[in-house]
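**Student:** Predicted model follows, preceded by the sequence.
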Amino acid sequence: MSFLSDPRWRDAAAQLPDYLGSHVQVSLAALALGLVISLPLAILARNHAVIRGILLG
């Protein structure tokens with residue numbers, strides 16, 4: 001019996017698009033959250049030396 005004829009492999013291959021879609025959604029959400037947090041902090045730190053020291057420390 002080949003591993004490709006094993007029903008577990010067929011089930012796993014059938015669920016792969018769902019898992020991949022979920023993974024992409026979680027990854028994009030994490031990137032967006034990181035950007036929403038880091039960009040304002042970077043702009044704020046550009047003009048304030050004290051905040052820059054805290055963030056870079």
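**Tutor:** Ah, there it is. Numbering: from 1, shown residues only.
**Student:** hey, where'd the helices end up in the protein?
**Tutor:** 7-47, 49-56 (DSSP state H).
**Student:** what residues does the last one touch?
**Tutor:** Pointing back at helix 49-56 there. With Cβ atoms under 8 Å, 6 or more residues apart in numbering as the test, helix 49-56 has contacts from 41, 44-46. Every residue, glycine included, has its C-beta placed from N, CA and C.
**Student:** Name the nearest of those residues relative to A32.
**Tutor:** Distance to A32, by Cβ to Cβ, is smallest for L41 among those, at 15.2 Å.
**Student:** how deep is that closest one tucked in, by neighbour count?
**Tutor:** 13 (other Cβ atoms under 10 Å).
**Student:** got it, and R52?
**Tutor:** By the criterion of other Cβ under 10 Å, R52 has 15 neighbours.
**Student:** do the same with the one 5 residues further on
**Tutor:** When neighbours are counted by other Cβ under 10 Å, G57 registers 5.
**Student:** so how far is N47 from it?
**Tutor:** As for G57, its distance to N47 is 18 Å (criterion: Cβ to Cβ, to the nearest Å).
**Student:** Ok, L33 next?
**Tutor:** 24 Å.
**Student:** and what of A12?
**Tutor:** 52 Å.
**Student:** Look at these two and report which has more neighbours.
**Tutor:** When A12 and N47 are compared for neighbours, A12 comes out ahead with 11 against 8, by other Cβ under 10 Å.
**Student:** what sits against that one?
**Tutor:** By Cβ under 8 Å, 6+ apart, A12 has no neighbours at all.
**Student:** thinking again about what came up before, out of the helices of the chain, name the one with the poorest average pLDDT.
**Tutor:** Per-stretch mean pLDDT for the helices of the chain is lowest at helix 49-56 (a mean of 90).
**Student:** chain center to it, what's the gap?
**Tutor:** 27 Å (Cα atoms, centre = their mean, to the nearest Å).
**Student:** Please apply the same query to stretch 43-52.
**Tutor:** 27 Å.
**Student:** And stretch 45-57, by the same measure?
**Tutor:** For stretch 45-57 - counting by Cα atoms, centre = their mean - the centre lies 26 Å from the chain centre.
**Student:** Buried residues, it. List them.
**Tutor:** Buried residues in stretch 45-57, counted by 16 or more other Cβ atoms under 10 Å: A45.
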